[in-house]
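Chemist: No sequence on hand, only this structure:
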């Protein structure tokens, strides 16, 4: 474990940003900053990359490390990581390449397949493609999810029940991204598996409980009381539980992630099938990753502190 003097370190918590998840990122950043102060970090500044003065503040702040609490575009896609590397500031989480690969669902799925991780059938469309609804249905079926290839927190996602709903779903998705991922709808138990530390280890699995009036884990349920939505440990078979934890670590490693990640799965008749990996999971009081960590006795302060230690050790190495 890297020996650090918390009181002497200058930490920049990066929050806000330019993505659809800006407001959520502020919640994560505030929670992380509070947690870091609570475990002995005395110099913690909260910076928003969308501010006009951000680059000057970053360059002149004499920061020892940056804690990235940004979600989505500009935060999880390698952009902010590139800026921090240019300034020579160590940062938490995954590097530029791993972040970029995980952020694009089509790229990450290719890496999952290469690593032998089960995935859903899909088709990829760009906003200037000629669209044939019949071809989409032939590949993924009538019931499917239409998602932005690069985005998070379910922004722009539609559950399509029949082919008549596809045109509107595509119109919406292209408001959020120029590339769309259309996946078959898998029916089963939705779970998420956090991976933490160095070496990487899987955390307890969270089962996402169905909510009345909501057909999937979308924006309307992601940020309500976690006791209403999260069940830990997930009530799935022992075989599927162990397999999902193994696959989450494999996904973390296949993408080249560092420090932490969180992978989402559907446990169906094929066993656990991966949906996506988040390289900067939400860190709010209602977020999944902190909830998993609490079940192994780790506070948010413990998690944030260890991520900083990993970042500093990586920079030294």
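Modeler: That came through fine. The structure displayed is predicted, hence computed values, not measured ones.

Chemist: Quick check: which element contains residue 46?
Modeler: Counting by DSSP states H and E, the element that carries residue 46 is strand 43-47.

Chemist: Residue 308 now?
Modeler: When the helices and strands are read off by DSSP H and E, the one containing residue 308 is helix 300-316.

Chemist: the inter-axis angle of that helix versus strand 43-47?
Modeler: Taking axes from the mean of the first three to the mean of the last three CA atoms, to 10 degrees, helix 300-316 and strand 43-47 form an angle of 90 degrees between their directions.

Chemist: related to what we said a few turns ago, next structured bit after the strand holding residue 46?
Modeler: helix 54-60.

Chemist: Quick one: list the elements packing against that next one.
Modeler: With contacts defined as 3 or more CB pairs under 8 Å, 6 or more residues apart in numbering; DSSP states H and E, the packing partners of helix 54-60 are strand 43-47, helix 79-87. Every C-beta, even on glycine, is put in place using the N, C-alpha and C of the backbone.

Chemist: Show residues contacting the very next helix or strand once past that helix.
Modeler: Once helix 54-60 ends, the next helix or strand along the chain (criterion: DSSP H and E) is strand 65-68. The list of residues contacting strand 65-68 from outside it, by CB atoms under 8 Å, 6 or more residues apart in numbering, reads 9-14, 32, 36, 58, 75, 80-81, 84, 89-93, 280, 304, 307-308, 311-312, 315.

Chemist: Repeat that for stretch 101-115.
Modeler: Residues outside stretch 101-115 that contact it (CB under 8 Å, 6+ apart) are 73, 76-78, 94, 100, 118-119, 122, 124, 147, 149-150, 179, 181, 250-251, 253-257, 261, 274, 276-279.

Chemist: Selecting buried members of the residues you listed in PyMOL, what would you type?
Modeler: Listed next is the PyMOL selection for buried residues among the contacts of stretch 101-115, using 16 or more other CB atoms under 10 Å:
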select buried, resi 73+76+77+78+94+100+118+119+122+147+149+150+179+181+250+251+254+255+257+261+274+276+277+278+279
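
Chemist: so of the contacts of stretch 101-115, which ones are in helices?
Modeler: Among the contacts of stretch 101-115, the members falling in helices (DSSP state H) are 100, 250-251, 253-255.

Chemist: Mind putting the residues you listed into CSV with distance to residue 190?
Modeler: Listed next are those as CSV, based on distance: CB to CB, whole Å:
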residue, distance to residue 190
100, 26
250, 19
251, 16
253, 23
254, 21
255, 21
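
Chemist: The residues you listed: which two are farthest apart?
Modeler: Longest distance between any two of the ones in helices among the contacts of stretch 101-115 is 19.3 Å, between 100 and 250; criterion CB to CB.

Chemist: How about the contacts made by residue 275?
Modeler: Under the criterion of CB under 8 Å, 6+ apart, the contact list for residue 275 reads 120, 183, 263-266.

Chemist: Selecting buried members of these in ChimeraX, what would you type?
Modeler: Typed into ChimeraX, the line below selects the buried ones among the contacts of residue 275, using 16+ other CB under 10 Å:
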select :120,183,263,264,265,266
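
Chemist: for residue 141, what are its contacts?
Modeler: 184-185.

Chemist: One more: the one 3 residues further on?
Modeler: Listed by CB under 8 Å, 6+ apart, the contact set of residue 144 reads 136, 159-160, 182-185.

Chemist: re the thing from before, which among the contacts of residue 275 gets closest to residue 236?
Modeler: residue 265 (9.7 Å).

Chemist: Mind checking the pLDDT average for the host helix or strand of that closest one?
Modeler: Using DSSP H and E, residue 265 falls within strand 260-268. Averaging pLDDT along strand 260-268 gives 98.

Chemist: which residues touch that strand?
Modeler: Contacts to strand 260-268, defined as CB under 8 Å, 6+ apart, come from residues 93-94, 102, 120, 186-197, 236, 240, 244, 247-248, 251-252, 255, 272-279, 281, 288-289, 292, 303, 307.

Chemist: State the paired neighbours of it in the sheet, together with their directions.
Modeler: The pairing partners recorded for strand 260-268 under DSSP bridges are strand 189-196 (antiparallel), strand 271-278 (antiparallel).

Chemist: elements contacting whichever helix or strand comes after the last one?
Modeler: Following strand 271-278 in sequence order, the next helix or strand is helix 288-294 (DSSP H and E). For helix 288-294, the contact count by 3+ CB pairs under 8 Å, 6+ apart identifies strand 189-196, strand 206-208, strand 260-268, helix 300-316 as packing neighbours.
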